[in-house]
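# All I have is the shape, not the residue letters:
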């Protein structure tokens, strides 16, 4: 049965069918009609996260000043005119509302038909609310953010019972520069107003918003390039002008680079950057001038902090300052293994350490390439190893069981077990 087509002809009947499907699925029974795969997968995720479908899912709202701060910092503020022009006029007539949430699932803007806004208030669908999937269940904001594609959630496809009188259609908006999720635009309203074309409509407007973001970025680089041109014309040696996020506007004395990885808090002065080495950092209107200094870098100290259960970082300390980066679980595993093999480890060896399968070298090489983007020349290859001049320190947890606790890599498991055995053999104090 095509439930979307049925809903377009008879919303009430489709809602009844979906209610039966939902009740069967959530009680563990086999439904006579299977839920759509995107909805079934979402229900499984939500059940694992412990959301109660019968609970009032209204979450604590952000304070007004925090909402204001997020609005000011969100790139989505630049595309609000596009979203309003593409969605609001139709949404208002169709008794819908438009909601724009950030990447954290927090509702930042909400506009549309006043009667529907009042109904949304009763669900906690308000500015500042947390609408992540693992907080309120399957919905038109949180679910598109997880699956990274447009999703329509109709009636009882919502996980929370209080939402089953609604239809919600959301589409993610991503940063066209690097694919990073910026937020979700959603059109929601009473279930009888549902239309199958809403999904394509919302997705098209989201893509228009991404195109506008691309235009804004290119225009900002053009402005920065105009500022940089006379500055670079006077310089000898290697230099690059980048915007605040590291995207290159102009270079001199070196091949063009698309982006320079920058630390989160860059300040003027002498700094060490992975892709440039030692360089002088100078502010420009809208960006930075990075002038490479052709002098041998002082030996660096690398601190790999694995002591936290949920957060792992690498910190590089050198004569030109220091910077830190939070690590993904996979990168933490790889850097830990390199610290365990000071002489180096080949791709096949690392694949065996990680997956117990030395043939999975393609995955290892891809991840090592990503690590080198921020560690640069501090990481050597053939075999993979830290550079010989660097001092490497690994901060381990007090309890060996807490070493990368989510990791199932054989080499990490062996290290945890060895630490546990050594701990049990110690005589009591």
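Received, thanks. Remember, it's a predicted structure, so these values are computed and weren't measured experimentally.
# where does residue 167 fall, helix, sheet strand or coil?
strand (DSSP: H, G, I helix; E, B strand; the rest coil).
# cool, residue 66 as well?
helix.
# okay, now it: neighbour count?
Residues contacting residue 66 under the criterion other Cβ atoms under 10 Å number 12. All C-beta spots, glycine's among them, are computed from the backbone N, C-alpha and C.
# can you start the count at 21 instead of 1 from here on
Understood, numbering begins at 21; the last thing we discussed is residue 86.
# Pull up the per-residue confidence for it.
pLDDT, residue 86: 94.
# dump the residue contacts of it.
Contacts for residue 86 were tallied using Cβ atoms under 8 Å, 6 or more residues apart in numbering; they are residue 148.
# so how far is residue 161 from it?
Distance, residue 86 to residue 161, using Cβ to Cβ, to the nearest Å: 18 Å.
# what does residue 363 give?
50 Å.
# Between the two, tell me which one has more neighbours.
Set side by side, residue 363 and residue 161 show more neighbours around residue 161, with 29 against 6, by other Cβ under 10 Å.
# Surely the more buried one touches residue 121?
Yes - using Cβ atoms under 8 Å, residue 161 is in contact with residue 121, at 4.9 Å.
# so what sits against both of the two?
127, 151, 204, 206.
# remind me, longest helix of the chain?
helix 218-253 (DSSP state H).
# So for that one, what gets flagged as buried?
Neighbour-count burial for helix 218-253, counted by 16 or more other Cβ atoms under 10 Å, picks out 218-219, 221-223, 225-226, 228-230, 232-233, 237, 240-241, 244, 247-248, 252.
# For the stretch 271-420 of the chain, which segments count as strands?
For the stretch 271-420 of the chain, the strands defined by DSSP state E, counting those that start in this stretch cover 289-293, 297-304, 307-312, 321-325, 333-338, 341-346, 399-400, 405-406, 411-415.
# out of the ones you listed, nearest to residue 271?
Minimum separation from residue 271 across the strands of the stretch 271-420 of the chain (Cβ to Cβ) falls at strand 307-312, 9.6 Å.
# what does that closest one contact?
Residues outside strand 307-312 that contact it (Cβ under 8 Å, 6+ apart) are 244, 247-248, 251, 255, 257-264, 269, 274, 280, 282, 286, 293, 296-303.
# Recalculate using a threshold of 7 Å.
244, 251, 255, 257-264, 269, 280, 286, 293, 296-297, 299-302 (Cβ atoms under 7 Å, 6 or more residues apart in numbering).
# I'd say residue 277 and residue 260 touch.
Yes - in this structure residue 277 lies within contact range of residue 260 using Cβ atoms under 7 Å: 6.5 Å.
# Common neighbours of these two, please.
Joint contacts of residue 277 and residue 260 (Cβ under 7 Å, 6+ apart) are 268, 271.
# Who has more neighbours out of those two?
Neighbours were tallied for residue 277 and for residue 260 using other Cβ under 10 Å; the higher tally belongs to residue 260 (27 against 14).
# Tell me which residues are up against the strand or helix carrying that one.
Residue 260 belongs to strand 259-263 when elements are defined using DSSP states H and E. Here strand 259-263 makes contact (Cβ under 7 Å, 6+ apart) with 240-241, 244, 248, 252, 268-274, 277, 280, 304, 306-312.
# ok, residue 189 to residue 288 distance?
In terms of Cβ to Cβ, residue 189 sits 47 Å off from residue 288.
# ok, those two, which is more surrounded?
residue 189 (26 against 11).
# how distant is the longest helix of the chain from the center of its chain?
Helix 218-253 sits 20 Å away from the centroid of its parent chain (Cα atoms, centre = their mean, to the nearest Å).
# which strand residues sit across from residue 406 in the sheet?
Judged by DSSP bridges, the bridge partners of residue 406 are residue 399.
# Next, count neighbours for it.
Residues near residue 406, counting by other Cβ under 10 Å, number 21.
# Same question for the one 3 residues further on.
By other Cβ under 10 Å, the residues close to residue 409 number 12.
# And for residue 205?
30.
# to the chain's geometric centre, what's the distance from the helix or strand in which it is found?
Per DSSP H and E, residue 205 falls inside strand 201-210. Offset of strand 201-210 from its chain centre (Cα atoms, centre = their mean): 17 Å.
# What pairs with that strand, parallel or antiparallel?
Neighbouring strands of strand 201-210 in its sheet, by DSSP bridges, are strand 117-122 (antiparallel), strand 186-194 (antiparallel).
# coming back round to it: separate out the buried members of the contacts of strand 259-263.
Among those, the ones that count as buried (16+ other Cβ under 10 Å) are 240-241, 244, 248, 252, 268-272, 280, 306-312.
# picking up where we left off before, just put the shared contacts of residue 161 and residue 121 in TSV and tack on pLDDT and distance to residue 108.
Shown next, in TSV, are those (pLDDT from 0 to 100; distance: Cβ to Cβ, whole Å):
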residue	pLDDT	distance to residue 108
127	96	16
151	94	19
204	97	16
206	96	13
